[in-house]
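[1] Sequence and predicted model, in that order:
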Amino acid sequence: MHTKTIDKRLWDRSEKCGNVTCSGETIIARPHPNGRSEVKIKQNTASGIRRYQYSFRLNGSFSEKATIVLQFHDWWTIPDNINVGTKSFLYLASPPPLAFSVRKNHLVLSHNELLSTPLLDMEHEWLVVEKNKFTHYELFPVSLNEWIDLEISIKWSLHRDGFVECNGRKISNLKTMFNSNPCHLQFGLYLDTRFESNEIREIVL
């Protein structure tokens, strides 16, 4: 789907938490006491090249902390031989394999590679990662209170033939997936920052 403003169908089928609203033209994420104002959209495609468009505007002031504005999060299916009771069959292993954040006044792509097998934490409904490797790629400067349009291509792969391309900057030789399940697209405003809001006016999946 390709829209100049937020497609209401996309908003309706998304999962939300924290302080997020939709005016019909933009999605606005504002700070929340639990540290997370987020929209999550499930993807169906688990491999191959996918293209995304994402347009956002940060209002407030920069801080020393990195602020995630868009992330592609892993989800793991719990094996049938494990009795989860009333808990979910889908768990995540945080942090995600791919995340776009604003660090000071630059957009940064963070790539996370697992170096160990995640361990199941049934109580908290997530997977514990003991060893991983982070690589951060500084993409380009960004300005506050201005719309930032991203043209993103991702080759989803469990092997090192994956890549991420953002506004013409291509980063190759990446494992972009932790497992064969599709990564979910998640965005909003996170943790304690100086930003007053993150506005999103376009999402193309």
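    That came in fine, so what should we check first?
[2] Can you tell me the SS state at L10?
    helix (DSSP: H, G, I helix; E, B strand; the rest coil).
[3] Can you get me a residue count around it?
    17 (other Cβ atoms under 10 Å). All C-beta atoms are positioned from the backbone trio N, CA, C, and that covers glycine.
[4] And it, how far from E202?
    11 Å (Cβ to Cβ, to the nearest Å).
[5] Could you list the buried residues of stretch 148-155?
    I148, L150, I152, I154, K155 (16 or more other Cβ atoms under 10 Å).
[6] these two touch, right, the fourth one and R50?
    Yes: using Cβ atoms under 8 Å, I154 makes contact with R50 at a distance of 5.5 Å.
[7] what's the closest of the buried residues of stretch 148-155 to T135?
    Within those, proximity to T135 (Cβ to Cβ) peaks at I154, which comes in at 15.5 Å.
[8] ok, now which ones touch the closest one?
    With contact set as Cβ atoms under 8 Å, 6 or more residues apart in numbering, I154 has these partners: I49, R50, Y52, F72, L98, G162, F163, V164, E165, T176.
[9] Try it again at 7 Å.
    By Cβ atoms under 7 Å, 6 or more residues apart in numbering, I154 lies in contact with R50, V164, T176.
[10] Now intersect these with the strands, please.
    Counting by DSSP state E, these place R50, V164 in strands.
[11] What strand or helix carries the most centrally placed residue in the chain?
    Taking Cα atoms, centre = their mean, the centroid of the chain lies closest to Q71, which sits 1.2 Å from it. Secondary structure assignment for Q71, by DSSP states H and E: strand 66-73.
[12] Okay, now the sheet partners of the helix or strand that that strand is followed by, with direction.
    Later in the chain than strand 66-73, the nearest helix or strand by DSSP H and E is strand 76-77. When pairing is defined by DSSP bridges, strand 76-77 lines up against strand 90-91 (antiparallel).
[13] any idea how far the residue nearest to the centre of the chain is from F187?
    7 Å.
[14] Likewise for S172?
    For S172 relative to F187 (Cβ to Cβ), the value is 24 Å.
[15] Between those two, which is the more surrounded one?
    More neighbours surround F187 than the other of S172 and F187, with 25 against 11 (other Cβ under 10 Å).
[16] In contact with the nearest residue to that one once chain neighbours are set aside, which residues?
    Nearest non-adjacent residue to F187, counting by Cβ to Cβ, 6 or more residues apart in numbering: L70, 4.7 Å away. The neighbours of L70, taking Cβ under 7 Å, 6+ apart as the test, are Y54, F100, F187.
[17] ok, these vs S23, which is closest?
    Among the contacts of L70, and counting by Cβ to Cβ, the member closest to S23 is F187, at 16.1 Å.
[18] Quick check: bridge partners of that closest one?
    With DSSP bridges as the rule, F187 is bridged to V39, L70.
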